[in-house]
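Asks: Below are the sequence and a predicted model; questions follow.
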Amino acid sequence: MNKKFLVFLLVFVFVCTALGSGSTSSHAQTAPTGTWLGTWPYAAPGTHNLSSFATGGLNDNLGVLYRPLVELQAAYYLWATNEYVPLLAEKWGFVDDNKAYEITFKADAKWSNGDAFTSEDVVDTYAIGRLLGWTQYNYITEVSAVDDHTVRYTFKDGAASLLAERLFLKEYTVARANYGALAEEAKALFAAGKTNADQEWKDLVTKVQEFRPTELISSGPYTYSLADVGEAFMTLHWQPNSIFSGSVKFGDLKIWAGETEVTTPLVLSGELAHSTNVYPPATLDAFTAAGIRLVAMPRGYGPVLLFNLSSPIFSKKEVRQAMAYAINREQNALLTAGLGAAATQYMSGILDSLTPVLLDAADVDALNKYPFDLDKAAELMTAAGYTRNADGKWADSSGATISVEYTFPADFADFAAAARDATAQLNEFGFDITERALPWQEARDNILAGTFDLSVWSWGAGAPFAYNNLTNPIRRWTTVLTADQPGLHFNTKEVDYNGTTINLDQMIIEVSNGLDVAQQKKNAGEISKILNELMLYIPLNEELSVEPFNEKSISGVPADDDPIWKNPSNDHPAIWLILNGTLGPVS
């Protein structure tokens with residue numbers, strides 16, 4: 001054989017092998033061009049970390065919109081058709097007469113470091129989840145690998161439910177390369193019979209929360225490092241190994257820090273092309289005048305007035321009920337977000353948009369709607385032992401007025417507006433409330449610590465189950481906390497209702513259990529009537545999310561009547577539209 005030909009043949013084989021190897025080690029060969037210009041109130045440098053479990057980590061930094069682009073979920077839910085479409089998963093479903101659930105993950109899924117995505121990543125994720133008390137473990141006994149790509153979730157007796165399915169399909173999986181050692185420690189504790197009451201368990205929880213990965217290993221098409229985080233913005237970069245690396249059309253996701261006040265001029269200047277922030281009507285009009293397209297979708301929540309229920313004032317049911325009657329919620333909604341908010345009608349603890357779906361009609365009709373009625377409010381204040389003094393203020397038998405603080409996040413325009421209006425209305429009724437604006441992190445931390453009188457946060461949930469709606473806010477700020485974070489100062493496990501003690505916490509945990517929708521509606525109706533009477537919080541209104549999509553920067557935005565816009569923020573349309581390549585940069 002000719003030597004030159006032999007050399008050529010060897011080189012040809014080498015090149016072909018290299019090219020073939022490259023095509024199997026990644027899902028796309030070249031990075032897409034263009035930059036997505038978005039926003040999220042991420043943790044600032046210094047407090048920002050890459051943990052999937054810690055405060056200041058991915059949940060805070062990326063939220064419900066950007067985290068799914070970094071750590072893929074198993075599937076994505078389309079509200080218009082009531083179906084899941086695959087992300088990391090290939091197939092899923094109930095097995096063994098509903099005694100278990102199985103998800104088979106895509107065999108070609110990889111992590112950004114080149115490792116194969118396997119069942120063990122999921123098993124390790126759930127080991128840490130069990131340690132941290134994840135909701136999934138209200139329904140399952142264990143998570144195990146069937147094979148390299150199939151995971152089995154074994155139900156407790158009779159605990160199979162569509163809610164559990166949603167929890168499995170929407171959970172983020174973390175990389176074993178980062179968290180495997182911690183997962184092994186957790187498994188060892190379980191094998192030794194330890195519980196969350198044992199010090200070893202508590203110590204490991206602390207260790208998990210303090211763990212700081214040096215590298216973010218992602219399954220999604222984007223990742224970033226701490227060097228990509230600045231004071232004004234952070235940047236997520238495309239990575240080639242995700243199963244969606246070949247379909248996304250943005251090379252970078254530039255995320256500006258800040259809420260409404262900071263982002264408004266950025267939207268108008270074109271430096272920010274999309275935002276989930278809440279903008280007042282005048283600002284939305286300015287966006288439209290600037291040629292910026294606005295798209296409306298369910299926000300999946302609204303502002304709620306929260307009580308410190310250990311207060312001698314707000315521990316009285318009659319006072320809470322009186323406040324519900326004394327606030328004109330139509331006015332409050334208008335001042336919260338203009339036409340982007342609707343006053344709460346049903347007061348069921350479930351978003352109005354979902355109440356007729358998740359409750360039987362008879363239970364809906366039985367709810368007290370607490371219409372704006374100052375005479376009824378005054379009657380209840382009198383029943384609670386208060387009388388108006390010479391200044392028109394409600395005072396107790398000692399002459400003490402209701403002099404309290406209403407704290408709210410200054411940088412959340414909707415919550416701030418709702419709180420200020422509620423304060424003004426209640427003061428006109430005869431309270432003596434002082435409003436106090438705080439940075440959103442401090443306002444949240446005050447609720448966690450229980451160091452507040454009145455506050456505002458979200459209620460309801462962008463999820464088609466009573467459990468998610470009823471958990472927020474009452475379980476979110478009570479039983480899921482710790483002794484150091486008493487939240488609303490309320491024991492939901494021992495609630496006095498009509499002369500009997502009920503475990504409201506357990507009722508909410510079990511409300512969406514099973515596969516019998518009729519029974520789930522009955523369960524939800526029972527809880528809604530309890531919350532409706534006790535008025536442990538006042539749901540003020542439900543919001544729409546009116547979001548700018550600047551088509552000078554973003555191409556492919558679906559028409560206003562496209563079914564994808566039925567998805568609420570918790571299943572944000574942009575997640576699916578970015579991953580499947582519908583949205584891209586303007587050429």
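Replies: Now that the structure is in, tell me what you want to look at.

Asks: only C-alpha atoms for contact and neighbour calcs from this point on.
Replies: Fine.

Asks: what distance separates whatever helix or strand residue 417 lives in from the centre of its chain?
Replies: Using DSSP states H and E, residue 417 sits within helix 413-429. Computed by Cα atoms, centre = their mean, to the nearest Å, the chain-centroid distance of helix 413-429 equals 25 Å.

Asks: same question, stretch 146-156
Replies: The answer for stretch 146-156 is 26 Å, by Cα atoms, centre = their mean.

Asks: ditto for stretch 481-495
Replies: That offset, for stretch 481-495, works out to 21 Å (Cα atoms, centre = their mean).

Asks: what's the span of it, first residue to last?
Replies: 17 Å (Cα to Cα, to the nearest Å).

Asks: what's the following helix or strand after the helix holding residue 417?
Replies: strand 432-438.

Asks: Need the mean per-residue confidence for that following strand.
Replies: Strand 432-438 comes out with an average pLDDT of 98.

Asks: List the buried residues in that strand.
Replies: For strand 432-438, a neighbour-count test (16 or more other Cα atoms under 10 Å) marks 432-433, 435-438 as buried.

Asks: Just put those residues in TSV and tack on distance to residue 85.
Replies: Converted to TSV, those look like this (distance: Cα to Cα, whole Å):
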residue	distance to residue 85
432	52
433	49
435	45
436	44
437	42
438	40
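
Asks: out of the residues you listed, which one sits closest to residue 419?
Replies: For those, the minimum distance to residue 419 (Cα to Cα) is 8.0 Å, reached by residue 435.

Asks: Now the closest one. Nearest residue, chain neighbours left out?
Replies: residue 406 (4.8 Å; Cα to Cα, 6 or more residues apart in numbering).

Asks: Now that neighbour: which helix or strand?
Replies: Going by DSSP H and E, residue 406 is in strand 403-409.

Asks: re the thing from before, with respect to residue 156, which of the buried residues of strand 432-438 is nearest?
Replies: So of the buried residues of strand 432-438, ranked by how close each gets to residue 156 (Cα to Cα), first place is residue 438, at 43.5 Å.

Asks: The closest one against residue 409, yeah?
Replies: Yes: using Cα atoms under 8 Å, residue 438 is in contact with residue 409, at 5.1 Å.

Asks: Can you give the contact residues for the helix holding residue 417?
Replies: The set of residues external to helix 413-429 that reach it, using Cα atoms under 8 Å, 6 or more residues apart in numbering, is 260, 278-280, 303, 305, 323, 326-328, 332-333, 335-337, 374, 393, 406-410, 432-435, 437, 455-457, 540.

Asks: any idea how far residue 350 is from residue 513?
Replies: 17 Å.

Asks: meant to ask about residue 315
Replies: 22 Å.

Asks: Same check on residue 462?
Replies: For residue 462, the distance to residue 350 - Cα to Cα - is 10 Å.

Asks: Touching both of those two, which residues are there?
Replies: residue 469.

Asks: More neighbours: those two, which one.
Replies: Applying other Cα atoms under 10 Å to residue 462 and residue 350 shows that residue 350 carries more neighbours, namely 29 against 19.

Asks: In terms of helices and strands, where is the nearest residue to the more buried one once chain neighbours are set aside?
Replies: Once flanking residues are discounted, residue 350 sits nearest to residue 469: 5.2 Å by Cα to Cα, 6+ apart. Assessed by DSSP H and E, residue 469 sits inside helix 466-471.

Asks: same for that helix, what does it pack against?
Replies: Counting by 3 or more Cα pairs under 8 Å, 6 or more residues apart in numbering; DSSP states H and E, the packing neighbours recorded for helix 466-471 are helix 504-510.

Asks: buried ones in whatever helix or strand comes next after the helix it packs on?
Replies: As assigned by DSSP H and E, the chain's next helix or strand after helix 504-510 is helix 517-534. Judged by neighbour count using 16+ other Cα under 10 Å, the buried positions of helix 517-534 are 519-525, 527-534.

Asks: For stretch 345-363, measure first residue to last.
Replies: 14 Å.

Asks: how far out from the middle of the chain is it?
Replies: Per Cα atoms, centre = their mean, the centroid offset for stretch 345-363 relative to its chain is 21 Å.

Asks: who touches that stretch?
Replies: 300-301, 344, 364, 367-370, 459-461, 464-466, 469-470, 520-522, 524-526, 528-529, 531-532, 538-539, 542.

Asks: Then stretch 549-563?
Replies: 36, 80, 270, 273-275, 292-296, 582-586.

Asks: Check the separation of the first and last residues in that stretch.
Replies: 17 Å.
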